[in-house]
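In: what follows is a predicted protein model with its sequence.
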Amino acid sequence: RLHRWLALAVGMMLPVWFATGMVLSFQPFPILGQGAKWAAAEPLRLAPGTAFQPFSRTSSAAELRRIRLVSIDGTDRFLIQQSDGHTRAFDARTGRALAPIDAALAGRIAAAFAGLAVRAVEGPIEQDRWTVHDKYLLHRPLFRVRLADDAGTVLYLSAATGEVLQRTTARQRGWNQVGALLHWLNLGNLRAHFEAWHFTIRSVATLALVLTLSGITIG
């Protein structure tokens, strides 16, 4: 009886997990790797004797975890990760804290990063299915920039710093709709609520394991 009712409740998840796992093996979830970021990064234009101020007078060195020097839209910036995990942008030459970027600047940054024209800029948004992972939490809100190419490329930029964080194509999104998103139950707004999503994944997987073991016992 236990096996029968579990089969009705969660049995279909077993073939779904198998099929989506196969897709996921050949088409992983899109990630913009560090190497790709460096390859497309705007080069620094440093003149001899250039002086920098790494942070504003209102910041304390004890609050800093990591400092990176980058060039975004022609401006040298220090991206400073603070003790709370958030990253703030400062003008590298003056030490002045920079305001969040707007949609127009997000479009220019994305166009320079990809070397393509911009079709549309959306946001700022908190997240979507391609930026729901916890690693994007401290970079939100984000701008979603659609590029004018045949691949249907979409870039995601941090509104706080102007960094390009994620890149997807139409092919990746299509395969992951029937791959990673189903496999991880990244459906609707469930994944945005980590505790509820984590409980659901654990519960369904445990019930599926009980279903399998009870079936083996009956067999």
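Out: Now that the structure is in, tell me what you want to look at.
In: tell me which residue is most central in this protein.
Out: residue 131 (3.7 Å; C-alpha atoms, centre = their mean).
In: residues touching that residue, list them.
Out: By C-beta atoms under 8 Å, 6 or more residues apart in numbering, the contact set of residue 131 is 142, 156, 165-166. Every residue, glycine included, has its C-beta placed from N, CA and C.
In: in the longest helix seen in the chain, what counts as buried?
Out: Longest helix of the chain, by residue count under DSSP state H: helix 194-218. Within helix 194-218, the residues that qualify as buried are 197, 208, 211, 214, counting by 16 or more other C-beta atoms under 10 Å.
In: cool, and stretch 1-10?
Out: 3, 6, 10.
In: just the closest of these to residue 218, please.
Out: Using C-beta to C-beta, residue 3 comes nearest to residue 218 of the buried residues of stretch 1-10, at 5.8 Å.
In: name the element the closest one belongs to?
Out: According to DSSP states H and E, residue 3 maps onto helix 2-10.
In: tilt between the helix or strand following that helix and helix 194-218?
Out: Sequence order places helix 13-26 as the next helix or strand after helix 2-10, per DSSP H and E. Interaxial angle of helix 13-26 relative to helix 194-218 (axes from the mean of the first three to the mean of the last three C-alpha atoms, to 10 degrees): 120 degrees.
In: tell me what angle the helix holding residue 3 forms with helix 194-218.
Out: Using the same axes, to 10 degrees: helix 2-10 against helix 194-218 is 140 degrees.
In: for residue 205, give its distance to residue 24.
Out: 15 Å (C-beta to C-beta, to the nearest Å).
In: counting contacts, what elements does the longest helix of the chain pack onto?
Out: Applying 3 or more C-beta pairs under 8 Å, 6 or more residues apart in numbering; DSSP states H and E, we find helix 194-218 packed against helix 2-10, helix 13-26.
In: fine by me, we can end here.
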